[in-house]
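> pasted the sequence and its predicted model underneath.
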Amino acid sequence: MTAVRRTAKAISLTAENGIFRIEVAVNGVRGSWRVGAEDTLLSALRANGWKGVKRGCDTGECGSCTVLVDGTPELACLKLAVSAHGREITTIEGLGSPAEPHPLQEAFVEAGAVQCGFCIPGMILVSKALLDKNPEPSETQIRHALDGNLCRCTGYVKQVEAVRLAAGKIKNREVRRAGQ
Amino acid sequence: MPDNKTAFKVVNHRVNKLDSLGLACGTAEFADDWNPPRMLVGKLLYSPHAHARIKKIDTSAAERVPGVSAVLTHKNTPRIRHTTAGQGFPEPSPYDSLIFDDKMRFVGDRVAAVAAETSEAAQEALSKIKVDYEVLPAVFDILDAAKDGAPVIHDEADSKNIPDAKHNICAAYALDIKDHEWYSTADAVIEQTYKTQYAQHCALEPHTVIAYFDADGRIVLRSSTQVPFHVRRIVAQSLGMEVKRIRVIKPRIGGGFGSKQEVFLDQACAALLLAAKRPVKMELSRREVFVSSRTRHPAVIHLKTGVKKDGKITDLDLAITLGNGAYGAHALTVMMCSGSHTMPLYQAQNNKFTGRTVYTNLPVAGAYRGYGATQGFFALESQMDMMAEAIGMDPVEFRLKNYIKQGQGSPIFKAMGEGREGVEQVMQSCGLERCIEEGLKASGWREKRELYKKQAGAKRRGIGCACLMQGSGIPEVDMASATIKMNEDGSFNLLIGAADLGTGSDTVLAQIAAEVLGVRHGDVLVYSSDTDLTPFDVGAYASSTTFISGNAVRKAAENVKTMILSVAAKILNEKPENMRLEGGRVVAASGISCPLSEVANTSLYYHDQHQIIASASHTATTSPPPFSAHFAEVEVDTETGAVAVLNYVAAVECGTAINPALAEGQNDGAVLNGLSFALTEELEFNAAGAAKNASFRGYKIFGAYDTPPIKTILLSTYEPAGPFGAKSVSEIGINGPQPALANAIYHAVGVRLTEPPFTPDKVLAAIRAKR
């Protein structure tokens, strides 16, 4: 991983009756949330209607709750909600919708990579972060990126295919854009 | 129906899974993704003792915790014994469970439940429940549990259908079909004991149920279940109420693999709803899923076989003891399948099966993909290699000599059913030989078998195989039904009780309907698994949905087709027998045609007005097995005992694959689950019976990086009893990795491992013992 470590923003929050008010942007929607000191980002996201973030273990072991925080994959079940103050969060709903899916979402569908689908939001977000940094990953790099996202339905075969397929789609899209 | 596979328009095509776009976009809703207003959180208190009687329980302090709406124990819930096994009625599992009992039978058995405003309040209330236990001696070993003098786990008078409670035996069965004196004609007799481990399903979505009242005060259960109709029946039974008071809705489900065939959370949640009179959600934590949902039955298998020098198997005697833990869910049927789904694979002359399932003071076993066949095949396919070696025959050639071929049957099919006698079966389709041929080629078996004979150095390679079968539904037990209605635009609603738990059955069933109705699969709008709105289906288990629900859908679609043609006959002035459905139109042999929308509009608005709608049901008289051949190549590090899987090939035939992409996905997933079951997975317990590794950190399932190259080869046959020639595919793949890897390890380093998982310590100990 070559992620650039952001220096922690100075956060000054004060609690009122144990409740903090935080400012977050989720999928481009700015909001002000009331969260408890012990609330996780996972709980806060789900409580605020972002149900695409899934709870599989609550202990940082399955990857189902992965979201992008300022573009970097993070396990929402291990992050305190207060730590999201001032951050940009992307959940699966922020990538695309059934009407306008992201190439990764299309690719997961077309490759047959979605079985029960519970792990898929996390996997797609991890793949998004991978392709943002490395538009043409090798199979090993894809497997390495997906390794923290457990799936019990598939053999990861079609998911690796899906990431490859998506890489091609994104490249083609960029070629088309460049040609316009 | 003729074998006109090439003519299929929708079936046997890789169409996109219907719900996959919503799932990939996060818009598809799982059980907890929709919540009723004013919902409470339900939490359970668990026993810290493996075996204990509750002498006194005081909930008064818990009830006083602010935000607590209800506290339930054995004192204020119905005492109606039932089984949590979501099987057809009457269930062939003992009625030995209560919503809450006054006796605890394992560490993790449930004591009480609380419903509160927040999870924190619920936890606080649980901590304030005072329980006075009389701790009893416990038994954990499955062989010890059946001995005289072992602690009796179910000593209560009101349990039913326990064959021998005094010896903790919750199921027993014996069969002896003898052609000649046992072992009298064998040139070699081989005897070996195998032991398979406790394992958990690890569906990524934890078990979740939300209970609420509808506007009329009926109970609605939004449940992550594989068996919505069985949930409705068992909840009604355990609460002593009428079925009509309950509606069960299965939304999207995050995997089940058998663990969600169990009805244990729904009745507790419904009881909390009744007590709190507010919606209640119960969602298990991952630890609770490991300990207090369900597991695979651990087993001790003793196999004694006789073989002649020419490769004929003369004698096959399988004796199995399975551990069911504290309650007897699926006790009889898993045990039966360990013989009925394995022994018919080979045509042995003498067949004997002795099975028993025992209670222990450990977590409860239940249905788990493979369902006994997984345990049986580990023993049988390991021993096939041992027999081949004993007579100096190639293990593949030995299997080819003995496997059940098209046109052959087995006395086992007739003798051993699930909870009753089985059915006579003659194989109408069997593609095992082609699976073997293709698997041999793809794995490079012949070259590698030779190449790896002469090896030096610390790392040794080997290649091993296993052959497999399963079933397709439970014959003369499982029933499925479907309703199809037509809309103005020529689209159709398909209403099915069948439960898609991520398997893709909604898509497969839509493809079957679309094939009959001459439309695209996207023109079939599927609504499934709602006990108020969809017709009955036993649910998703026993590899039944494609085969049994698929036939119900095919029949319902045929009925709708008849109705369409009857309307179209008047529009086109043609005879129904001269018309067909194609490309969204009714097409006559003469060449004239009309769109389905015209037929629909005619029937709805113009002439002889009626809704084109039809239902059909299906039960099967046979359970045609899919067949599969697995080939595993491994590298064993003789210095560390580490086993690396270099390559895994699984060739499988499931008749016509209704959706080849989904069938491959099913097989890939089953194989991967089998691989970690062979190499890493084991739920372990301390001396007091408490689980030691109830987390994904302690219980290793493979991630993408650990996963070796898996190649699924899908081969087609045509099963006349299946819809468009289809058989099942969902379970079979999990049965292969344990024996295929054991055989590959033997080929690499000459040690025979009989107790999975094959962890480095065990492999190293075996290698050292051999030196």
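Great, that's in hand.

> CA only for contacts and neighbour counts going forward, please
Noted.

> ends of stretch B:620-636, how far apart?
Distance across stretch B:620-636, first residue to last, is 45 Å (Cα to Cα, to the nearest Å).

> likewise for stretch B:422-430?
End residues of stretch B:422-430 are separated by 20 Å (Cα to Cα).

> just the mean pLDDT for that stretch, thanks.
Here stretch B:422-430 scores 95 as its mean pLDDT.

> check what contacts it and list those residues.
With contact meaning Cα atoms under 8 Å, 6 or more residues apart in numbering or on different chains, stretch B:422-430 is reached by B:404-411, B:413-417, B:475, B:621-624, B:626-627, B:653, B:655, B:717-720.

> which residues in the stretch 51-200 of chain B form helices?
Remark: helices assigned in the stretch 51-200 of chain B by DSSP state H, counting those that start in this stretch are B:60-63, B:119-127, B:142-145.

> phi and psi next, for residue B:650.
Torsion angles at residue B:650 (phi, psi; degrees, to the nearest 10) stand at phi -130, psi 110.

> residue B:76: neighbour count?
11 (other Cα atoms under 10 Å in any protein chain shown).

> now render the helices of the stretch 51-200 of chain B as CSV, adding mean neighbour count and distance to residue B:281.
Below are those laid out as CSV (neighbours: other Cα atoms under 10 Å in any protein chain shown; distance: least, Cα to Cα, whole Å):
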stretch, mean neighbour count, distance to residue B:281
helix B:60-63, 18, 18
helix B:119-127, 20, 10
helix B:142-145, 20, 35
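
> so for chain A, which of these sits nearest?
helix B:119-127 (10.8 Å; Cα to the nearest Cα).

> so what secondary structure elements neighbour that closest one?
Judged by 3 or more Cα pairs under 8 Å, 6 or more residues apart in numbering or on different chains; DSSP states H and E, the packing partners of helix B:119-127 are strand B:40-46, helix B:60-63, strand B:68-72, strand B:110-116.

> tell me if residue B:336 really is in a helix.
Yes - assessed with DSSP: H, G, I helix; E, B strand; the rest coil, residue B:336 lies in a helix.

> near it, how many other residues are there?
30.

> please apply the same query to residue B:755.
19.

> quick check: the residue nearest to it when sequence neighbours are not counted vs chain A, distance?
Spatial nearest neighbour of residue B:755, excluding adjacent residues (Cα to Cα, 6 or more residues apart in numbering or on different chains): residue B:195 at 4.9 Å. Between residue B:195 and chain A the computed distance is 24 Å (Cα to the nearest Cα, to the nearest Å).

> residue contacts, residue B:195?
By Cα under 8 Å, 6+ apart, residue B:195 lies in contact with B:298-301, B:754-756.

> could you look up the SS state of residue B:255?
Applying three-state DSSP: residue B:255 is coil.

> brain fart, residue B:220
Under three-state DSSP, residue B:220 comes out as strand.

> between the helices of the stretch 51-200 of chain B, which gets nearest to residue B:225?
Checking the helices of the stretch 51-200 of chain B against residue B:225 by Cα to Cα gives helix B:119-127 as the closest, at 23.0 Å.
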